[in-house]
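> Output the structure for:
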Amino acid sequence: MAEQYDVIVIGAGQSGGPLAGEFARAGRTVAVVERAHVGGTCVNVGCTPTKTMVASARMAYLARRGADYGIDTGPVRVDLARVRERKRQMVERWRSGSERSLAGTGVELLMGEASFTGPRRVAVRLNGGGERELEAELVLVNAGARSAIPDLPGLAELPFLDSTSIMELGELPEHLLVLGGGYIGLEFGQMFRRFGSAVTIVQRGPRLLAREDGDVAEAVAGILREDGIEILLDTSAVSVAGRPGEIRLTVRTPLGARVIEGSHLLVATGRRPNSDRLGLEVAGIAVDERGNIQVNERLETTAEGVYAMGDITGGPAFTHISYDDYRILRANLLRGEQATTRGRMVPYTVFIDPQLGRVGLGEEDARKAGRAVKVARLPMDRVARALEVGEARGLMKAVVDAESGQILGTAVLGIEGGEIMSMIQLAMMGGLPYTNLRDGVFAHPTLAEALNNLFSSI
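Predicted structure coming up:
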């Protein structure tokens with residue numbers, strides 16, 4: 001006989017952990033199944049460790065620029081082993097906090113791998129050996145995603161890196177080859193360039209950050225090239241060969257075939273959902289062609305009593321979106337409300353330096369949708385505060401509805417771009433027309449006051 005619970009949660013990520021705790025505090029019996037670490041991708045291998053290492057890379061960058069500010073810092077040496085240790089300490093701090101928070105709610109945590117054996121029935125292969133079978137009226141799936149590995153000839157024979165293993169390097173690569181020009185590839189590419197590695201980024205499409213407007217993507221590429229990174233666009237990988245420390249990547253460029261030699265290879269070509277390990281078919285849970293669990297706007301799957309949230313649904317793969325999934329399910333399942341994902345904003349920040357903060361519609365998407373828009377632009381070298389601190393690379397851009405004056409979206413590529421984007425998002429959330437930011441009184445000299453000039457450009 002299966003053990004009976006009120007709720008089973010598969011995955012203790014940014015949705016699953018908090019939601020399990022809410023049900024336990026409401027008096028429900030809750031079992032949480034976690035394969036690796038409490039806290040999910042963000043705490044263990046995503047946001048927390050990468051942004052910790054980005055901070056170390058930025059410090060190296062600023063130290064080398066000391067002379068620009070009249071400060072003689074001398075030669076800069078990066079100790080990657082110490083960078084890694086700082087990263088590990090930060091992960092342990094947040095992971096242990098997540099574990100304590102979950103334990104304090106009274107849920108039962110099972111460390112192991114879950115798979116469905118029937119409707120709302122789950123077998124758990126325990127990491128320490130043995131198996132348990134659980135059953136509940138409500139099952140919540142927060143099993144996340146992992147790096148997608150392309151079918152590239154020769155790759156299986158080489159010790160390549162992914163977004164997790166690259167953070168465990170103890171010595172700097174001499175020349176890091178990066179497959180993929182998305183968020184992950186760019187953050188690690190710039191990071192290791194600043195640590196001291198030569199870096200080449202190979203992007204199959206015509207621009208980096210394919211979802212961004214062309215002018216924004218071009219500005220990002222310009223910044224990375226200025227930092228000394230080689231960027232190959234419209235370039236596809238054909239095969240890879242070699243041995244540890246001596247990698248030969250054959251690519252097809254617009255000018256023909258080329259062989260790039262490097263010491264390490266980072267594969268950053270996307271993520272895939274962990275749905276293939278869950279036995280979803282026996283539970284009647286449908287997935288799309290990419291393996292993402294299909295959910296409606298209330299995060300209901302095709303199986304009664306089963307909900308899914310976070311990266312495994314194929315929605316925007318951001319921690320704050322996963323956390324909002326938790327809030328939606330908490331409202332609906334515990335409070336009897338009717339919250340949905342419909343119309344929610346999806347802000348995000350790419351932690352290259354300077355940051356790229358984005359929310360809402362870009363210019364290209366707005367025009368494709370037939371919207372009549374006005375576009376505001378301001379280069380960061382016209383922002384007083386950015387000039388004063390010596391970080392004036394990038395641009396601000398906003399898209400405004402031509403009739404109503406409502407702000408439809410923004411991209412801020414600049415120092416603290418994510419924070420400035422969030423200011424504009426607040427105006428969007430409050431329904432303020434762009435003229436309120438154009439005419440608002442902001443403290444001088446701050447980055448915020450640049451919004452006056454940005455929206456005066458319309």
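> For the residue positioned nearest the centre of the chain, give me the pLDDT.
Central residue of the chain (CA atoms, centre = their mean): F318, 5.0 Å from the mean position. Listed pLDDT for F318 reads 96.
> my guess is it contacts V346, does it?
Yes: judged on CB atoms under 8 Å, F318 makes contact with V346 at a distance of 7.2 Å. The C-beta positions use only the backbone N, C-alpha and C, and glycine is treated the same way.
> got the phi/psi numbers for M59?
The phi/psi pair for M59 (degrees, to the nearest 10) reads phi -60, psi -40.
> Grab the CA positions of stretch 232-251 and hand them over as PDB.
Output in PDB follows, covering the C-alpha atoms of stretch 232-251 (Å, rounded to 0.1, in the frame of the first residue of the first chain):
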ATOM      1  CA  LEU A 232      31.400  34.900 -34.400                       C
ATOM      2  CA  LEU A 233      27.900  35.400 -35.600                       C
ATOM      3  CA  ASP A 234      26.000  33.300 -38.200                       C
ATOM      4  CA  THR A 235      28.400  30.600 -37.300                       C
ATOM      5  CA  SER A 236      27.400  27.000 -36.600                       C
ATOM      6  CA  ALA A 237      29.500  24.300 -34.900                       C
ATOM      7  CA  VAL A 238      30.200  21.300 -37.200                       C
ATOM      8  CA  SER A 239      32.400  19.100 -35.000                       C
ATOM      9  CA  VAL A 240      34.800  19.100 -32.100                       C
ATOM     10  CA  ALA A 241      37.900  17.000 -31.500                       C
ATOM     11  CA  GLY A 242      41.100  17.000 -29.400                       C
ATOM     12  CA  ARG A 243      41.900  16.200 -25.800                       C
ATOM     13  CA  PRO A 244      41.800  18.000 -22.500                       C
ATOM     14  CA  GLY A 245      43.500  21.300 -22.800                       C
ATOM     15  CA  GLU A 246      43.700  21.100 -26.600                       C
ATOM     16  CA  ILE A 247      40.300  21.400 -28.200                       C
ATOM     17  CA  ARG A 248      39.700  22.000 -32.000                       C
ATOM     18  CA  LEU A 249      36.200  23.300 -32.800                       C
ATOM     19  CA  THR A 250      35.300  23.200 -36.500                       C
ATOM     20  CA  VAL A 251      32.700  25.800 -37.400                       C
END
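> Return the distance of stretch 303-320 from the chain's centre.
Distance of stretch 303-320 from its chain centroid, counting by CA atoms, centre = their mean, to the nearest Å, is 15 Å.
> Please put the alpha-carbon coordinates of it into CSV.
Provided in CSV are the C-alpha atoms of stretch 303-320 (Å, rounded to 0.1, in the frame of the first residue of the first chain):
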residue,chain,number,x,y,z
ALA,A,303,-4.2,15.3,-15.1
GLU,A,304,-6.7,16.1,-12.4
GLY,A,305,-5.1,17.2,-9.1
VAL,A,306,-1.6,17.7,-10.6
TYR,A,307,-0.1,21.1,-11.1
ALA,A,308,3.3,22.2,-12.4
MET,A,309,5.4,25.3,-11.9
GLY,A,310,8.8,26.8,-12.7
ASP,A,311,11.1,25.9,-15.5
ILE,A,312,9.6,22.5,-16.3
THR,A,313,6.5,24.2,-17.8
GLY,A,314,8.6,25.9,-20.5
GLY,A,315,7.6,29.4,-19.4
PRO,A,316,10.2,32.2,-18.8
ALA,A,317,13.0,30.4,-17.0
PHE,A,318,13.6,33.0,-14.2
THR,A,319,13.5,32.6,-10.5
HIS,A,320,11.1,35.4,-10.0
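> Buried residues, it. List them.
303, 306-315, 317-319 (16 or more other CB atoms under 10 Å).
> Which of those sits closest to L134?
Set against L134, the nearest of those by CB to CB is V306 (13.4 Å).
> I'd guessed the closest one sits against V141; true?
Yes: with contact defined as CB under 8 Å, V306 reaches V141; the gap is 6.8 Å.
> Touching both of these two, which residues are there?
Common neighbours of V306 and V141, counting by CB atoms under 8 Å, 6 or more residues apart in numbering, are I285.
> Among the buried residues of stretch 303-320, which ones are in helices?
Mapping the buried residues of stretch 303-320 onto helices (DSSP state H) picks out T319.
> Turn the buried residues of stretch 303-320 into JSON lines, columns for distance to N127.
As requested, those are arranged in JSON lines below (distance: CB to CB, whole Å):
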{"residue": "A303", "distance to N127": "26"}
{"residue": "V306", "distance to N127": "24"}
{"residue": "Y307", "distance to N127": "25"}
{"residue": "A308", "distance to N127": "23"}
{"residue": "M309", "distance to N127": "23"}
{"residue": "G310", "distance to N127": "21"}
{"residue": "D311", "distance to N127": "22"}
{"residue": "I312", "distance to N127": "20"}
{"residue": "T313", "distance to N127": "26"}
{"residue": "G314", "distance to N127": "27"}
{"residue": "G315", "distance to N127": "29"}
{"residue": "A317", "distance to N127": "26"}
{"residue": "F318", "distance to N127": "28"}
{"residue": "T319", "distance to N127": "25"}
